[in-house]
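*Asks:* Structural data only, the sequence is not supplied:
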């Protein structure tokens, strides 16, 4: 199917909006836009980070998900207590695939679920005593933990427990960092506020721990990788590239990260931000307090990687700049071979994305390297500054949707007929049943890493494997096949 | 009275960031931008105006300061 023109896309948005009642239609209209690269500021064309409409199916998470699931959870040598009823922690346990090195239950705790398992009496009489007791139990059972964070679930804020006081007391008693995080799920409109709260907790309770302590030997090439959650090993694939060009990666935030690394981050020379949405707050704080500059980078696809490596190197001396060129040259044969193999199979295919806070713009380059085109993109919980950065990456007259509802997404897909959709687990089976190839772009569909040159090879293979899978020919029942020849997907396989 | 995080970008221009509003703008002009006096009215590239209490010296960027909003801009 040919690409939609600007008028057709606008008409499509109007058509989709028609089913809503007037008030909802007015509100949702602000969240859907046709991309126009000439617009400088996204707030002229799209509204974001607003409360979802009641009654529509949103795909967002909560503040607890943003703090426990994203920012704090991957710190492997700390124990993160899901403070409140058991469900929030248990149903999100180990689902995000942030890989780490360590022995689970001994010196690493990433995939375990620790919870205070609130009962009725804890709601009525308060859970502070229980929390204090839990921390001593943790110390006894898991003595190699390097700290504890208390991730509040909704009831904690509702009943007004003073977890800060408990944390301070426990900190004195056990002599390890104990961090209370006020990330109750009802705060904010999406997980995005949870990221912010988690960043603020790091700022207030962790970052200053080693101020004035110069025992850590530094080099002029120290950097910290911030906002890489090591999904399927992403941070490792990124780290090797940075180390090969001559930099020293002091800290990984927070995939495969430790609390010691976080405490040492104020000593680095440059902060490298991958996920801008979830960790720009702490980078801005470090810039102000410790005068550490920060830059955004993008390690999806060879074009963006080369661009990013050069941008990072430009903050250092000639040896690093030469190192960057060396790294790009070293992998060139490898990624040229990947492109040569997969581009003919993927050329011209159209993709629609709907992910969280970074990938809707970051993966565009990787698809373009494979000759594919992103025809629609949107964020679950992006803010205006994310859309500012997206407008330039997307083609003209493509669809942009913020906090898209289940209904809108389905209707867009029916009309745009993309060859591939990249979104989350909740969307996956709907679109697969509609006969459209789908990749989960939150957890890389149990694959990965996708970052770096190594990741790009896996990314290309996965996209080909999904798109050109012969199963898509079997989805349509034989007597309906002739009616819609445009859905004859992946005929080239 | 929003808190504004100010920093200089690579071209030496002032970047204006209001965390609560995700507002990230380059300042077009500053009323006083001398070594011995800094502040006053700041015009952003989106047309909105903010006011900083003038100071006797250049602040040490990046820095967070309180600003007064003069008009809403377009």
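*Replies:* That came through, no problem. Here the structure is a predicted model, which is why all the values come from computation and not from measurement. Residues are numbered from 1 along each chain as shown, chains lettered A, B, ... in the order given.
*Asks:* For stretch A:126-134, give the mean pLDDT please.
*Replies:* For stretch A:126-134, mean pLDDT is 96.
*Asks:* starting at the chain centroid, how far to that stretch?
*Replies:* The chain centroid and the centroid of stretch A:126-134 are separated by 32 Å, computed with CA atoms, centre = their mean, to the nearest Å.
*Asks:* cool, stretch A:123-140 as well?
*Replies:* Relative to its parent chain, stretch A:123-140 has a centroid offset of 32 Å by CA atoms, centre = their mean.
*Asks:* What of stretch A:242-251?
*Replies:* Relative to the chain's own centre, stretch A:242-251 is displaced by 22 Å; criterion: CA atoms, centre = their mean.
*Asks:* Next up, phi/psi of the closest residue to residue A:197 other than its chain neighbours, please.
*Replies:* Distances taken as CB to CB, 6 or more residues apart in numbering or on different chains place residue A:183 nearest to residue A:197, at 4.9 Å, with adjacent residues excluded. In short, each C-beta sits where N, CA and C put it, glycine included. Dihedral pair for residue A:183: phi -100, psi 40, per degrees, to the nearest 10.
*Asks:* What about residue A:183, how many residues nearby?
*Replies:* Neighbour count for residue A:183, taken as other CB atoms under 10 Å in any protein chain shown: 35.
*Asks:* same deal with residue B:11?
*Replies:* Neighbours of residue B:11 using other CB under 10 Å come to 7.
*Asks:* From chain A, how far out is it?
*Replies:* Separation of residue B:11 from chain A (CB to the nearest CB, to the nearest Å): 14 Å.
*Asks:* Run through the residues of the stretch 201-350 of chain A sitting next to chain B.
*Replies:* Proximity of the stretch 201-350 of chain A to chain B (CB under 8 Å from any CB of the partner chain) is limited to residues A:281, A:284, A:287, A:288, A:291.
*Asks:* now swap in the stretch 51-200 of chain A and tell me
*Replies:* Nowhere does the stretch 51-200 of chain A come near chain B, counting by CB under 8 Å from any CB.
*Asks:* Point me to the residue of the stretch 51-200 of chain A nearest chain B.
*Replies:* residue A:196 (8.3 Å; CB to the nearest CB).
*Asks:* That residue reaches residue A:280, doesn't it?
*Replies:* No - the pair residue A:196 / residue A:280 is not scored as a contact, 9.5 Å apart, by CB atoms under 8 Å.
*Asks:* contact partners of the lowest-mean-pLDDT helix or strand in chain B?
*Replies:* Least confident element among the helices and strands of chain B, by mean pLDDT, DSSP states H and E: strand B:68-71 (a mean of 83). The contact list for strand B:68-71 (CB atoms under 8 Å, 6 or more residues apart in numbering or on different chains) reads B:1, B:2, B:41, B:48, B:49, B:50, B:51, B:52.
*Asks:* Strand partners (parallel or antiparallel) of that strand?
*Replies:* Next to strand B:68-71 in the sheet, as set by DSSP bridges, lie strand B:49-55 (antiparallel).
*Asks:* what's the following helix or strand after the strand it pairs with?
*Replies:* Heading C-terminal from strand B:49-55, the first helix or strand you meet, by DSSP states H and E, is strand B:63-66.
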